[in-house]
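[1] sequence below, structure please.
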Amino acid sequence: MGKYLGSESSVQTLVALAQPTYLTLATDKDRVDICQFYTLSGKLVDAQQNPLVGKTVHLYGKTEPPTLLGTTVTGSDGSYSFSLHGTAQGLYVFYTQFEPVEIYDGSRSEEVQVGVALLSLVVTVVRKGTTTPVPDATVTYGHVFIDPISGKEGYVWIEGERQVTDENGQVTFFLQSDIYAVRVNATGFYEAIQSGINLTEDTAITVELEPVNPVGELLKVIAPIIVVFGTVAGLSYVVAKA
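    Down below sits the predicted model:
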């Protein structure tokens, strides 16, 4: 029994001593043509930003389940790289992973995207009537269709690829040629939809957001009450009778 407890305690000590690691990943190209090469590179460091040398890093494609695309070893400065080329049209998402080893804990990089033979749609979100950018706005793109019965325009939103605007109020989507719409939501603003975006070449659009008017929203709530009870004077009479 004593040996068992001692072994468990040793394992707990090793776990507690495991040093955290940090893994970065970047691409030299956000978009490439078919057969064009691009490089994914990064660095593996410990908690003190010291490079970890000779450690194995795995490259994965974000699929379901994830696809192992390659394995390499970090260099003398903790850096690593993978060379790939565009094989088929589409948007590809990658990440790298370092498995726990020796005294080091495992880590995973952030995801990077590379579009192969795609067009760019840059969306800039601004406050209505100004050029002031709106950061932290959620932008979703979708496909446009016409309802065969009503003849009205409808949308199929691609919720899984929504993005949040940066400090310049911008996001960039890499898409195939088609007709698109974008929907923008932000705290303190009304939702905005811009449709009829015929993406046949790299395109940039601007979407204006109208700030929410608190007084106007209050009037929307109380207006039905006024309609039901009549004029303001009539409403006062009803309250007095009660």
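[2] now the residue nearest the centre of the chain: closest residue in space that isn't a chain neighbour?
    The centre of the chain sits closest to Gln163, judged by Cα atoms, centre = their mean, with a distance of 4.1 Å. Excluding the flanking residues, the one nearest Gln163 by Cβ to Cβ, 6 or more residues apart in numbering is Val171, at 4.0 Å. (Glycine included, C-beta is placed from N, CA and C.)
[3] tell me the span between the first and last residue of stretch 31-43.
    This stretch, stretch 31-43, spans 22 Å end to end (Cα to Cα, to the nearest Å).
[4] cool, and stretch 188-207?
    End-to-end distance for stretch 188-207, by Cα to Cα: 15 Å.
[5] buried sites along it?
    Of the residues in stretch 188-207, Phe189, Ala192, Ile197, Leu199, Thr203, Val207 count as buried by neighbour count, 16 or more other Cβ atoms under 10 Å.
[6] hmm, back to that, okay, the residue nearest to the centre of the chain: pLDDT?
    Looking at Gln163, its pLDDT stands at 96.
[7] any figure for the gap between it and Leu118?
    15 Å (Cβ to Cβ, to the nearest Å).
[8] swap in Val144?
    The gap separating Val144 from Leu118 is 18 Å, by Cβ to Cβ.
[9] hang on, Gly160 in a helix?
    Yes - counting by DSSP: H, G, I helix; E, B strand; the rest coil, Gly160 is located in a helix.
[10] centre of the chain to stretch 125-134, how far?
    Counting by Cα atoms, centre = their mean, to the nearest Å, stretch 125-134 is centred 21 Å from the centre of its parent chain.
[11] then stretch 33-51?
    That offset, for stretch 33-51, works out to 20 Å (Cα atoms, centre = their mean).
[12] what's the domain layout of this protein?
    Per the record's domain assignment (automatic domain parsing), the chain is made up of the domains 2-116, 119-209, 214-242.
[13] span of the second one from start to end?
    It stands for domain 119-209. Terminal residues of domain 119-209 lie 25 Å apart, using Cα to Cα.
[14] and for stretch 186-204?
    20 Å.
[15] what mean pLDDT would you report for that stretch?
    Mean per-residue pLDDT for stretch 186-204: 95.
[16] what about Phe98, how many residues nearby?
    The tally of other residues near Phe98 (other Cβ atoms under 10 Å) stands at 23.
[17] now it: phi and psi?
    Backbone geometry at Phe98, expressed as degrees, to the nearest 10, gives phi -120, psi 120.
[18] which strand residues bridge it?
    With DSSP bridges applied, Phe98 shows beta-bridge pairing to Ser107.
[19] can you pull the contacts of it?
    Applying Cβ atoms under 8 Å, 6 or more residues apart in numbering, we find Phe98 in contact with Thr21, Leu23, Leu44, Lys55, Thr56, Val57, His58, Tyr104, Gly106, Ser107, Arg108.
[20] which non-adjacent residue is nearest Thr67?
    Using Cβ to Cβ, 6+ apart and skipping residues adjacent in sequence, the residue nearest Thr67 is Gly61, 4.1 Å away.
[21] contacts only, for the one you found.
    Contacts of Gly61 (Cβ under 8 Å, 6+ apart): Thr67, Leu69, Tyr92, Val93, Phe94.
[22] pull out the buried residues from those residues.
    In the contacts of Gly61, the ones that pass as buried (16+ other Cβ under 10 Å) are Leu69, Tyr92, Phe94.
[23] in JSON lines: those, plus distance to Val139 and pLDDT.
    Formatted as JSON lines, these follow (distance: Cβ to Cβ, whole Å; pLDDT from 0 to 100):
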{"residue": "Leu69", "distance to Val139": "29", "pLDDT": "97"}
{"residue": "Tyr92", "distance to Val139": "21", "pLDDT": "95"}
{"residue": "Phe94", "distance to Val139": "22", "pLDDT": "98"}
